[in-house]
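Undergrad: the following block contains a protein sequence and its predicted model.
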Amino acid sequence: MGRVPANVSGDLVRVALMEARPAGLTTRQLITATELSAYQVQSGCGSCARSWPRRT
């Protein structure tokens with residue numbers, strides 16, 4: 001998949017993780033599920049983590 005903004009890859013990663021829960025996915029499974037590169041999945045995880053509400 002060519003260039004993808006971090007917020008878009010973050011959304012793709014977040015959706016893939018929500019569909020897979022509660023078991024979660026490995027990085028390799030996220031790459032397959034989202035059709036993103038490993039770098040894009042890692043960037044997406046970072047973007048996704050920053051946008052989720054913090055636990056109090």
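TA: Right, received. Where do you want to start? Numbers count the residues shown, from 1 in each chain.
Undergrad: okay, residue 56: pLDDT?
TA: Looking at residue 56, its pLDDT reads 58.
Undergrad: do the same with residue 5
TA: 75.
Undergrad: how near is residue 4 to residue 29?
TA: Distance, residue 4 to residue 29, by C-beta to C-beta, to the nearest Å: 18 Å. For glycine as for every other residue, the C-beta is placed from the backbone atoms N, C-alpha and C.
Undergrad: of those two, which one has the most company?
TA: Between residue 4 and residue 29, counted using other C-beta atoms under 10 Å, residue 4 has the larger neighbour count: 18 against 15.
Undergrad: pretty sure the more buried one is touching residue 41, no?
TA: No: here residue 4 lies out of contact with residue 41, judged by C-beta atoms under 8 Å, at a distance of 10.3 Å.
Undergrad: which neighbours do these two share?
TA: When C-beta atoms under 8 Å, 6 or more residues apart in numbering defines a contact, no residue borders residue 4 and residue 41 alike.
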